[in-house]
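A.B. asks: Return atomic coordinates for the entry below.
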Amino acid sequence: RQAPDVPHHSGFELRDEEVEEALVTGAHQELLEDYFGPEQYAELTRLARDTAAARTLRGGPPVLILPGLLGSKIGRERKLGPFEDVFWFDPVDIGVGRLTQLELPTPGNGLSAIGVMLFAYLSLKFRLCQAGFDARFHPFDWRRSITELGAELAAVLQQRAGEKVHLVAHSMGGLVARAAIFQGAPYARLVMLGTPNFGSFDSVMALRASHPVVRKLGALDVRHTPEQLSRDLFTTFPGLTQMLPAPERWAEVDLYDLSQWPPDDLHPRDALLKGVAPMRAGLAGAREDFFIICGEGQETTVGLHRDAQGRFVYQTSRQGDGTVPLEFAQMSGVKAHYFIAESHGALPNNSRVARAVGDLLKHGQTDVLPTHPA
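C.D. replies: Numbers count the residues shown, from 1 in each chain. Alright, predicted model coming up:
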């Protein structure tokens, strides 16, 4: 179903600013109902209009919201019109096999981060704005090295050094923020939502073509199998390889030794694997102004072992958010951890999480969430 005035575009291609304005004015209604779903569209419309009505005065403490892995749109900006040339995530491009154009390195193709996946992050932005913050997004190209992405964020924060910018980071965004802080970036407080501070087994499964997202992409793509996407595309992304489980937290199998991987071609690239340790050494350690919100109670891969044929066999438990085990999210030395029975991808959309984030940024504590897991 397409809106009659934009027959060749999807909601994924609308500029972020255009979407926020349309939620207030009612423009592109059919397109955005398809994009968000009717229920979330109605909620975001209410939040957008309440936010617009409350903003008689601009300003408030500045906040940058960092998305997670896959959470930024990748594509090319168009100079004219409300739509952009989006590769991730555009179902049409994926269906005809264009996803492989995201392969790195891609010199000269002009692809970059051009927005965020609004269905995952827009409600958090609106709620922080209603709480009195000047909240904005910091999209980044999640394919690239976390160290490089941290340097880009550090440069942005250096330009705003007098403003004391807060950082709210989901998943991989927390690692980008820690890299920027290690590099000397000025900031006020950092709140991490489900950040894989010590990695995630989802990276292993993505590189092995067994992750549900990779399987679904392969089913949608008429030209490439999930195995082809993992081998030829996902293994080229430094950012994905850098989120393998950290050996200081889990070492039952040495994932940094390719001989320990199953005997096929679905494994990380050796050059990228060797870059993980330097990246991890360049992450800021725990600080008093770090806060971590963890999802829990979701079926999560928390370990693996090799069977007699050398294949990976995964172990699961409910000690995590469905993506990041609790043990991999927590950092000793952080002032407080908070917990909620929520899935990884839904953490930014959760209204209780948003209220807790606002409290932590304002006061450095919150009673909205418990400080111990259930």
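
A.B. asks: Could you use CA atoms for every contact and neighbour count after this?
C.D. replies: OK.

A.B. asks: And the residue sitting furthest away from the middle of the chain, what's its pLDDT?
C.D. replies: Within the chain, the residue lying farthest from the chain centre (C-alpha atoms, centre = their mean) is Ala308, at 35.4 Å. Ala308 carries a pLDDT value of 95.

A.B. asks: Roughly how far does it sit from Pro263?
C.D. replies: The spacing between Ala308 and Pro263, counted by C-alpha to C-alpha, to the nearest Å, is 12 Å.

A.B. asks: go on, His337?
C.D. replies: For His337, the distance to Pro263 - C-alpha to C-alpha - is 40 Å.

A.B. asks: higher neighbour count, the two?
C.D. replies: With neighbours defined as other C-alpha atoms under 10 Å, His337 and Pro263 compare such that His337 has more, 20 against 12.

A.B. asks: Name the SS class of that one, please.
C.D. replies: strand (DSSP: H, G, I helix; E, B strand; the rest coil).

A.B. asks: Next: Val334.
C.D. replies: Under three-state DSSP, Val334 comes out as coil.

A.B. asks: residue contacts, the nearest residue to it once chain neighbours are set aside?
C.D. replies: Nearest in space to Val334, with sequence neighbours left out and distances taken as C-alpha to C-alpha, 6 or more residues apart in numbering, is Ala286 at 5.2 Å. Listed by C-alpha atoms under 8 Å, 6 or more residues apart in numbering, the contact set of Ala286 reads Met331, Ser332, Gly333, Val334.

A.B. asks: ok, which stretches of the stretch 151-300 of the chain are helices?
C.D. replies: Using DSSP state H, counting those that start in this stretch, the helices found in the stretch 151-300 of the chain span residues 172-182, 201-207, 212-220, 226-232, 238-241, 270-273, 276-281.

A.B. asks: Dump those to CSV, plus mean neighbour count.
C.D. replies: Shown next, in CSV, are the helices of the stretch 151-300 of the chain (neighbours: other C-alpha atoms under 10 Å):
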stretch, mean neighbour count
helix 172-182, 27
helix 201-207, 24
helix 212-220, 17
helix 226-232, 21
helix 238-241, 26
helix 270-273, 14
helix 276-281, 16
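
A.B. asks: among those, which is nearest Glu252?
C.D. replies: helix 201-207 (12.5 Å; C-alpha to C-alpha).

A.B. asks: if we look at that closest one, which residues are touching it?
C.D. replies: By C-alpha under 8 Å, 6+ apart, the list of residues contacting helix 201-207 reads 211, 213-214, 230-231, 234-235, 240-241, 243-245, 266-268, 301-303, 323-324.

A.B. asks: quick one: Ile293 and Leu190 touch, right?
C.D. replies: No: here Ile293 lies out of contact with Leu190, judged by C-alpha atoms under 8 Å, at a distance of 11.0 Å.

A.B. asks: Can you pull the phi/psi pair for Ala53?
C.D. replies: phi -70, psi -30 (degrees, to the nearest 10).

A.B. asks: Any idea how many residues pack against it?
C.D. replies: By other C-alpha under 10 Å, neighbour count at Ala53 equals 11.

A.B. asks: Val191 too?
C.D. replies: Neighbours of Val191 (other C-alpha under 10 Å): 25.

A.B. asks: likewise the one 5 residues further on?
C.D. replies: The tally of other residues near Pro196 (other C-alpha under 10 Å) stands at 28.

A.B. asks: Give the closest residue to it in space, chain neighbours not counted.
C.D. replies: Ala329 (5.1 Å).

A.B. asks: what's the spacing between the one you found and Gly173?
C.D. replies: 13 Å.

A.B. asks: what is in contact with these two at once?
C.D. replies: Common contact partners of Ala329 and Gly173 (C-alpha under 8 Å, 6+ apart): Thr195.

A.B. asks: would Leu128 count as being in a helix?
C.D. replies: Yes: judged by three-state DSSP, Leu128 forms part of a helix.

A.B. asks: check contacts around it.
C.D. replies: Contacts of Leu128 (C-alpha under 8 Å, 6+ apart): Asp134, Ala135, Ala354, Gly358.

A.B. asks: Let me know the distance separating it from Arg280.
C.D. replies: 30 Å.

A.B. asks: what's the neighbour count on Ala22?
C.D. replies: If we define neighbours as other C-alpha under 10 Å, then Ala22 has 16 of them.

A.B. asks: Now it: phi and psi?
C.D. replies: phi -60, psi -30.
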